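> got a structure for you, letters missing:
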């Protein structure tokens, strides 16, 4: 008897016919899909038994869920179509302090940009993934070209420019600014852009890049200075002849 899993194909069937040419080849027969078959089926020599795989089954995948869930732990999933909601049910659901906007996924030590408030039920997680459910409590940091780099207690509804203002504002060399949320998303801060800030976000103000003085700039300044000196000398010479 030969047992083949998960299923037989035409190539295997042709191979069987070649190995046992004297035996009459018959089409595969489904014995039963239940645990206990309704009819007895006696296996014969060189029969092929097929064990089909459950639809959607995959090798067990281990996912770590941490943060604001009731029972943080490693979860083992066996089906590809396991949804995010199902994963949360395995860890007892979210706590009252959970903030999905501030949550993130880490894969192979890299933060994957993912909005858990818009996650699809078909989202596929990989073995070794780490899900961190954020909190609605945390801090906001301002760094870069601000007068006073600061850390603030996060408050709901406060926008980026107010944090910059409370850090003394931009320095003279302050340039473009942006906010980086804990889920990896980055939003620009500008005249018409003043995004809301999530807990544990970082507001960065870049510094203007100083332009190095090149040979062309030096010649321009030299010619300007030389022209001024020449004009002054000419004026003095004309004045002396009067």
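Sure, I can see it. Here the structure is a predicted model, which is why all the values come from computation and not from measurement. Numbering: from 1, shown residues only.

> Please count neighbours and contacts with C-alpha atoms only from this point.
Will do.

> what about residue 106, how many neighbours?
For residue 106, the count of nearby residues is 17 (other C-alpha atoms under 10 Å).

> swap in residue 156?
Number of residues near residue 156 (other C-alpha under 10 Å) recorded here: 11.

> Residue 92 now?
Around residue 92 there are 13 other residues, counting by other C-alpha under 10 Å.

> pretty sure residue 188 is in contact with residue 175, am I right?
No. With contacts counted by C-alpha atoms under 8 Å, residue 188 stays clear of residue 175, the gap being 11.7 Å.

> Just confirm residue 62 is within a helix.
No. Counting by DSSP: H, G, I helix; E, B strand; the rest coil, residue 62 is not part of a helix but strand.

> Stretch 156-167 spans what distance, first to last residue?
The first residue of stretch 156-167 is 18 Å away from its last residue (C-alpha to C-alpha, to the nearest Å).

> when you give positions from now on, start the count at 36
With 36 as the first residue, the last one maps to stretch 191-202.

> Give the buried residues for that stretch.
Residues of stretch 191-202 classed as buried: 194-196, 198-199, 202 (neighbour count, 16 or more other C-alpha atoms under 10 Å).

> hey, where'd the helices end up in this protein?
Using DSSP state H, the helices of the chain run over 45-54, 119-125, 195-200, 250-276.

> Now the weakest link among these, please, by mean pLDDT.
Among these, helix 45-54 carries the lowest mean pLDDT, a mean of 47.

> And stretch 129-137, what's buried?
If you call a residue buried by 16+ other C-alpha under 10 Å, then stretch 129-137 has these buried ones: 129, 133-137.

> quick one: which of those is nearest to residue 238?
Using C-alpha to C-alpha, residue 137 is the member of the buried residues of stretch 129-137 that sits closest to residue 238, with 14.8 Å.

> hang on, that closest one packs against residue 215?
No. The criterion here is C-alpha under 8 Å, and residue 137 misses it with residue 215 at 10.7 Å.

> in this protein, what spans have low per-residue confidence?
Low-confidence segments of the chain (pLDDT under 70): 36-76, 85-93, 156-158, 246-277.

> Can you show me the strands along it?
Applying DSSP state E to the chain gives strands spanning 37-39, 83-85, 92-102, 108-114, 133-142, 145-147, 165-170, 174-179, 185-188, 209-215, 221-224, 236-242.

> The third one - contacts with which helices or strands?
So that's strand 92-102. Packing partners of strand 92-102 (3 or more C-alpha pairs under 8 Å, 6 or more residues apart in numbering; DSSP states H and E): strand 108-114, strand 165-170.

> Just name the most buried of those strands.
Greatest average neighbour count among the helices and strands packed on strand 92-102 goes to strand 165-170 (a mean of 22), per mean count of other C-alpha atoms under 10 Å.

> Report all helices and strands that it contacts.
In this structure, strand 165-170 makes packing contacts with strand 92-102, strand 133-142, judged by 3+ C-alpha pairs under 8 Å, 6+ apart.

> dump the residue contacts of the nearest residue to residue 179 once chain neighbours are set aside.
Using C-alpha to C-alpha, 6 or more residues apart in numbering and skipping the chain neighbours, the partner closest in space to residue 179 is residue 240 (4.9 Å). By C-alpha atoms under 8 Å, 6 or more residues apart in numbering, the contact set of residue 240 is 177-181, 205, 209-213.
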